[in-house]
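# Have a look at this fold, sequence not included:
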């Protein structure tokens, strides 16, 4: 029955690809024994209760094998009908070409870009240890699950996997297991073309437990390795040699099996070889019964856990209340805004990175499940939670995460922490290095995971470090990402608004912060900043509207004084978040940006996003070239990021 189940997963996956005339049949056919061993025989998960907090997390990092994932989840009893499998890769279906996060149907994270999933799994394993340390009591283990990732050669070639797995070894994440589908084939041919390293030795050097299975096509051997991994005090990688396109006479073991349908005749021959029906999308009742019986064991485990939770609520009522609070990440933003102590800043001058550091520590007291860290830049990013302790292999209660110089993995790991549930997470680096974060930030946005990205040193204000460290195009890049909020606050109150938004929006948020000091004496408003833009200084009949974000508020404030001396009325608008402003009602937008009035915007970055605000007859002062190594004050003057340039440009635009 195990063999027939494995072969059913193979042909069902191939049927899906064949009907769609698109997809990847080879990996599912080779990995089916691994899928059977993990999902059906070993891992703890309940299709009837897919949101169970203590379920094992299973991540298909090699997301191109999605047909296998849908096939096995269908057999297990998750909400995938046979019609859903037939709609594979079709518009509006719940079976897209690569897995998309849907916990109710057993998909933990969105995968496809190789290496992202394995890094997400590291984050999930970190979250498990943090929550276990907080809530588990003798005889009451609310949190005691494992994290699994299935990856292929491609995932291990991508640099992010090295970053993430190196950190996992350092942190001794013993409940993390990676199953490596070693089929030695990529799109271009044999992996020997570009990938000849000794994977076992590589992971040994990371501090991992390495188990090599003789034959990945043998379910019993894979299952034995999974059980062995449970006994290790290190993360484990199980190396499973498989054959891509297993069972296909003409495509087995060849690159051609990777990314194209087998063909009708070839698929029929595979079914004959396995002794299965030649009919498409056919599953024997005995296979369904066998798999559902295995799932019944997991339902029994779920019911036992629920009983433990009930007893826990009686014996540890305070912890139980915290358990519910930690697992409910909804935030009433009005409660935060109305607490004036959270957003008040009395210091006249402060860098917004310092203001953010103050906010992190204020919010850490309100939200004890707020955790985060930096890519080796916490002293510069100001992200340390005072008295929060450092998370490590020896201290699972630490709230400060140390990612080392691993920006890409850091972001993907935080996605995993957020996806796991129970924790609020942020990570930090310099804004210019958001280039390294971009792929994972995009995944945050696709999955709508509320990760907060603290991005400091947000302009040429970095100064002497030069053009390699001075962001120019990064804000435009981030603003162009759907479902991502970007905030560039001008002072402490706007920084508070950025954090309140980040914790309540349910989306990822990037907060761009200055290295240099800015005045905290503007007439800014935390509450109004929540709308993305608002009027800082109004006038009855404006001749021109001056718009700025962040540090350039100083420019428009000073320019307004000079213009007034010339008899010109300027309306001043702070716009920390273009995206949030454009989400406001049309009437509000019109009230801020009076129709028919000339507009001038200034920001020490690429000008492109601002033309959406100022219009074709407006003016944008910015920087559309790379910077230079020089004191910041010299650069701002040389590149025209000054109130004098705002004044002169305003005069010029009003002449036209």
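Arrived safely, thanks for sending. Treat the numbers as computed from the prediction; the structure is a model and nothing was measured.
# so where's the longest helix in the chain?
Secondary structure of the chain read by DSSP state H shows that its longest helix is helix 285-315.
# List the buried residues in it.
Buried residues in helix 285-315, counted by 16 or more other C-beta atoms under 10 Å: 287-288, 290-291, 294-295, 298-299, 301-302, 305, 312. From N, CA and C alone the C-beta is placed, and that goes for glycine too.
# Check stretch 470-481 too.
In stretch 470-481, counting by 16+ other C-beta under 10 Å, buried: 470-472, 474-479, 481.
# for the residues you listed, which one is nearest residue 432?
Distance to residue 432, by C-beta to C-beta, is smallest for residue 471 among these, at 4.2 Å.
# contacting residues for residue 242?
30-31, 33-34, 181-183, 216-217 (C-beta atoms under 8 Å, 6 or more residues apart in numbering).
# pLDDT score for it?
Per-residue pLDDT puts residue 242 at 98.
# likewise residue 310?
For residue 310, the model assigns a pLDDT of 98.
# I'd like to know the beta-bridge partner residues of residue 537.
When bridges are called by DSSP bridges, residue 537 pairs up with residue 572.
# before we move on, what SS does the spatially closest residue to residue 74 that is not a sequence neighbour have?
Sequence neighbours aside, residue 80 is the residue nearest to residue 74 in space, at 4.2 Å (criterion: C-beta to C-beta, 6 or more residues apart in numbering). Following DSSP: H, G, I helix; E, B strand; the rest coil, residue 80 is assigned to coil.
# Look up phi and psi at residue 80.
phi -130, psi 110 (degrees, to the nearest 10).
# From residue 374, how far off is it?
40 Å (C-beta to C-beta, to the nearest Å).
# just residue 542 next, same as before
Residue 542 is 42 Å from residue 374, by C-beta to C-beta.
# The two - which one has more neighbours?
Taking other C-beta atoms under 10 Å, residue 542 and residue 374 do not tie; residue 374 has more neighbours (26 against 19).
# follow-up on the earlier one: in JSON lines: the contacts of residue 242, plus pLDDT.
Supplementary listing: the contacts of residue 242 in JSON lines, determined by pLDDT from 0 to 100:
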{"residue": "30", "pLDDT": "98"}
{"residue": "31", "pLDDT": "98"}
{"residue": "33", "pLDDT": "98"}
{"residue": "34", "pLDDT": "98"}
{"residue": "181", "pLDDT": "98"}
{"residue": "182", "pLDDT": "97"}
{"residue": "183", "pLDDT": "96"}
{"residue": "216", "pLDDT": "96"}
{"residue": "217", "pLDDT": "96"}
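# Narrow the residues you listed to those in helices?
30-31, 33-34.
# So, low pLDDT: which residues of this structure?
In the prediction, the chain carries no residues with pLDDT under 70.
# what kind of secondary structure is residue 490 in?
coil.
# And for it, the neighbour number?
Around residue 490 there are 28 residues (other C-beta under 10 Å).
# Contact partners for it?
Contacts of residue 490 (C-beta under 8 Å, 6+ apart): 352, 518, 522, 524, 548-551, 553, 574, 576.
# and those as JSON lines, adding distance to residue 172, neighbour count and secondary structure?
Formatted as JSON lines, these follow (distance: C-beta to C-beta, whole Å; neighbours: other C-beta atoms under 10 Å; DSSP: H, G, I helix; E, B strand; the rest coil):
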{"residue": "352", "distance to residue 172": "37", "neighbour count": "32", "secondary structure": "helix"}
{"residue": "518", "distance to residue 172": "42", "neighbour count": "26", "secondary structure": "strand"}
{"residue": "522", "distance to residue 172": "48", "neighbour count": "19", "secondary structure": "coil"}
{"residue": "524", "distance to residue 172": "46", "neighbour count": "24", "secondary structure": "coil"}
{"residue": "548", "distance to residue 172": "48", "neighbour count": "27", "secondary structure": "strand"}
{"residue": "549", "distance to residue 172": "43", "neighbour count": "28", "secondary structure": "coil"}
{"residue": "550", "distance to residue 172": "41", "neighbour count": "28", "secondary structure": "helix"}
{"residue": "551", "distance to residue 172": "43", "neighbour count": "30", "secondary structure": "helix"}
{"residue": "553", "distance to residue 172": "47", "neighbour count": "27", "secondary structure": "helix"}
{"residue": "574", "distance to residue 172": "47", "neighbour count": "30", "secondary structure": "strand"}
{"residue": "576", "distance to residue 172": "41", "neighbour count": "31", "secondary structure": "coil"}
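# Would you mind checking which of the residues you listed is nearest to residue 282?
Among the contacts of residue 490, and counting by C-beta to C-beta, the member closest to residue 282 is residue 576, at 57.5 Å.
# Tell me if I'm right that the closest one and residue 491 touch.
No. The pair residue 576 / residue 491 is not scored as a contact, 9.7 Å apart, by C-beta atoms under 8 Å.
# List phi and psi for residue 184.
Residue 184 adopts backbone torsions of phi 60, psi 30, taken as degrees, to the nearest 10.
# where's residue 547, which helix or strand?
Residue 547 belongs to strand 544-548 when elements are defined using DSSP states H and E.
# who does whatever helix or strand comes next after that strand touch, helix- and strand-wise?
Using DSSP H and E, the helix or strand that follows strand 544-548 in sequence is helix 553-565. For helix 553-565, the contact count by 3 or more C-beta pairs under 8 Å, 6 or more residues apart in numbering; DSSP states H and E identifies strand 517-519, strand 534-537, strand 544-548, strand 570-574, helix 643-655 as packing neighbours.
# Show me what counts as buried in the longest one.
Of the residues in helix 643-655, those scored as buried under the neighbour-count criterion (16+ other C-beta under 10 Å) are 643, 645-647, 649-650, 653.
# quick one: which of those is nearest residue 613?
Among the buried residues of helix 643-655, residue 653 lies closest to residue 613 (C-beta to C-beta), at 14.5 Å.
# I'd say that closest one and residue 546 touch.
No. Residue 653 lies out of contact with residue 546 (C-beta under 8 Å); the separation is 10.6 Å.
# shared neighbours of those two, anything?
residue 600.
# ok, residue 518 to residue 527 distance?
Taken as C-beta to C-beta, the span from residue 518 to residue 527 is 20 Å.
# Pull the most distant pair out of the contacts of residue 242.
33 and 182 (13.2 Å).
# More neighbours: which of these two?
Per other C-beta under 10 Å, whichever of residue 33 and residue 182 has more neighbours is residue 33, with 28 against 21.
# Could you verify my assumption that the more buried one touches residue 217?
Yes. Contact between residue 33 and residue 217 holds when scored by C-beta under 8 Å: they sit 5.4 Å apart.
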